[in-house]
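**Q** my questions are about this predicted structure, shown below with the sequence.
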Amino acid sequence: MKKVGILVGREKSFPEAIIKTINERGHGEVVAEMIKVGGIPLNQEKRYDIIIDRISHEVPYYRAMLKRMALEGTYIINNPFWWSADDKFFNYSLASKLGVAIPKTVLLPQHSYIPDISSESLRNLEFPIDWEGIADYVGFPAFLKPHDGGGWKMVTKVNSIEQLLYHYNQTGTRCMVLQEAIEYEKFVRCYCIGQKKVLIMPYDPTKPYLSGQQYMNIENYLSPELSARVEEDVIKICHALGYDINTVEFAIKDGIPYAIDFMNPAPDAELASVGEFNHNWFVNAVAEFVFEKLSGEIKQPEYRWLSLLNGNDSTVQKKKLNAKKEKTKRKETTKKSKTKKKGE
């Protein structure tokens with residue numbers, strides 16, 4: 001029997017639906033359940049084949065626990081090591097190199113620092129910041145937002161350098177980015193499951209978050225050509241980042257889809273928020289991905305600590321090279337021996 005664990009926060013409809021769906025399709029051979037954990041010892045044995053993580057980005061204990069479980073061979077959706085290291089500014093930079101349209105974006109130094117940081121600690125920082133140069137590059141209107149945030153928290157639209165400085169001064173120790181505001185004609189949010197299945201959803205970001213009013217039911221919202229480009233960009237981004245579950249948001253202007261947010265490894269999937277069709281699509285797509293992973297041998301991501309546990313990279317490469325040479329040598333010896341016997 002194979003086991004799938006669900007790690008969740010306050011959401012209700014998605015965990016209930018995914019557990020029910022997996023158990024119905026699993027016929028006792030695959031069982032899904034809510035995870036229950038307490039203190040985790042160093043020698044904790046493997047308990048689950050797959051864990052679907054929906055909350056560890058907000059609970060450090062869960063994130064540390066998932067890394068430990070990954071060490072035992074549990075496949076975590078999404079990879080807790082990469083999720084811990086990822087941030088939105090890196091995402092923008094990577095996507096831009098991949099040829100995806102990205103609004104002009106600037107990473108900003110923090111406004112404030114923890115007490116132990118003094119002016120001597122920040123000697124590498126340019127001071128004062130060239131706010132006029134930044135504003136000229138990005139332009140207005142623009143969005144000031146955390147470089148690693150989510151859920152539209154601390155996102156502010158600014159229309160002048162005065163507004164920018166006012167709101168920047170309220171950001172405390174959060175690292176922020178300033179991003180060009182695309183005055184879009186259309187906006188879409190896209191689910192991506194398994195780095196290949198995509199659902200494009202018409203979306204209104206001006207409506208209250210989690211209100212149930214953001215997701216719109218509009219047929220043929222995008223032209224076939226634009227829909228194909230959006231889907232291609234979604235898969236390209238998620239494949240590069242390695243996320244098995246993600247959402248990508250596009251602000252579309254003059255036929256160009258600008259990717260503005262795609263670090264959402266635990267996207268909203270609540271029935272009351274996303275609507276019945278979107279909710280059901282997400283549940284079924286995730287369930288299908290789980291069974292696809294369980295149908296064969298689960299290949300673990302190449303975590304960096306694997307090479308560290310076996311020595312440094314050069315040592316590992318030398319061992320692989322020596323093993324390859326030894327194998328080739330054995331083959332040549334066997335071949336010569338067979339040739340000699342035939343000659344006799």
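**A** Received, thanks. Numbering: from 1, shown residues only.
**Q** hmm, who's touching stretch 282-290?
**A** Residues outside stretch 282-290 that contact it (C-beta atoms under 8 Å, 6 or more residues apart in numbering): 4, 14, 17-18, 21-22, 25, 30, 32, 50, 52, 77, 191, 193-194, 197, 199, 244-245, 269, 274. Backbone N, C-alpha and C define where each C-beta goes, glycine included.
**Q** quick check: buried residues in that stretch?
**A** 282-287, 289-290 (16 or more other C-beta atoms under 10 Å).
**Q** same question for stretch 101-121.
**A** Counting neighbours by 16+ other C-beta under 10 Å, the buried set in stretch 101-121 is 101-103, 105-106, 108, 110.
**Q** from those residues, which ones fall inside strands?
**A** Members of the buried residues of stretch 101-121 lying in strands (criterion: DSSP state E): 105-106, 108.
**Q** nearest to residue 66 among those residues?
**A** residue 105 (29.9 Å; C-beta to C-beta).
**Q** quick check: bridge partners of the closest one?
**A** With DSSP bridges as the criterion, residue 105 is bridged to residue 179.
**Q** wait, it sits on residue 179?
**A** Yes - if you go by C-beta atoms under 8 Å, residue 105 and residue 179 touch, sitting 4.4 Å apart.
**Q** touching both of those two, which residues are there?
**A** 92, 138.
**Q** before we move on, the earlier item: now, the contacts of stretch 282-290 that are in strands?
**A** Going by DSSP E, the strands hold 4, 30, 32, 50, 52, 77, 191, 193, 197, 199, 245 from these.
**Q** what is the burial count for the last one?
**A** Residues within reach of residue 245, counting by other C-beta atoms under 10 Å, total 24.
**Q** these two touch, right, it and residue 78?
**A** Yes - using C-beta under 8 Å, residue 245 makes contact with residue 78 at a distance of 6.0 Å.
**Q** select only the buried ones of the contacts of stretch 282-290 in PyMOL?
**A** PyMOL command restricting those to the buried ones, with burial defined by 16+ other C-beta under 10 Å:
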select buried, resi 4+14+17+18+21+22+30+32+50+52+77+191+193+194+197+199+244+245+269+274
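**Q** surely residue 72 touches residue 48?
**A** No - Residue 72 is not in contact with residue 48 according to C-beta under 8 Å; the separation is 9.2 Å.
**Q** so which of the two has more stuff around it?
**A** residue 48 (22 against 12).
**Q** need the three-state assignment for residue 40.
**A** Under DSSP: H, G, I helix; E, B strand; the rest coil, the three-state class of residue 40 is coil.
**Q** now the helices for the stretch 1-150 of the chain?
**A** Remark: helices assigned in the stretch 1-150 of the chain by DSSP state H, counting those that start in this stretch are 13-26, 60-71, 80-85, 88-97, 131-138.
**Q** and those helices, which one is worst for confidence?
**A** Among the helices of the stretch 1-150 of the chain, helix 80-85 has the lowest mean pLDDT, at a mean of 91.
**Q** now stretch 198-214 - C-alpha only, PDB.
**A** Extracted C-alpha coordinates of stretch 198-214, given in PDB (Å, rounded to 0.1, in the frame of the first residue of the first chain):
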ATOM      1  CA  VAL A 198      -2.500  24.200 -17.800                       C
ATOM      2  CA  LEU A 199      -5.800  25.800 -17.000                       C
ATOM      3  CA  ILE A 200      -6.100  29.400 -18.200                       C
ATOM      4  CA  MET A 201      -8.600  31.300 -16.000                       C
ATOM      5  CA  PRO A 202     -10.000  34.800 -16.700                       C
ATOM      6  CA  TYR A 203      -9.200  36.800 -13.500                       C
ATOM      7  CA  ASP A 204     -10.000  40.200 -12.000                       C
ATOM      8  CA  PRO A 205      -7.200  41.200  -9.600                       C
ATOM      9  CA  THR A 206      -9.100  44.400  -8.600                       C
ATOM     10  CA  LYS A 207     -11.700  42.300  -6.700                       C
ATOM     11  CA  PRO A 208     -11.000  41.400  -3.000                       C
ATOM     12  CA  TYR A 209      -8.600  38.500  -2.600                       C
ATOM     13  CA  LEU A 210     -10.300  35.200  -1.800                       C
ATOM     14  CA  SER A 211     -13.700  36.900  -2.300                       C
ATOM     15  CA  GLY A 212     -15.000  34.500  -4.900                       C
ATOM     16  CA  GLN A 213     -15.400  37.400  -7.300                       C
ATOM     17  CA  GLN A 214     -11.900  37.300  -8.900                       C
END
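**Q** need the residues that contact that stretch.
**A** In contact with stretch 198-214 (C-beta under 8 Å, 6+ apart) are residues 151-152, 186-192, 215-218, 221-222, 227, 230-231, 234-235, 249, 268, 270, 272-275, 278, 281-282, 285.
**Q** 7 Å instead?
**A** 151-152, 187-192, 215-216, 218, 221-222, 227, 230-231, 234-235, 268, 272-273, 278, 281 (C-beta atoms under 7 Å, 6 or more residues apart in numbering).
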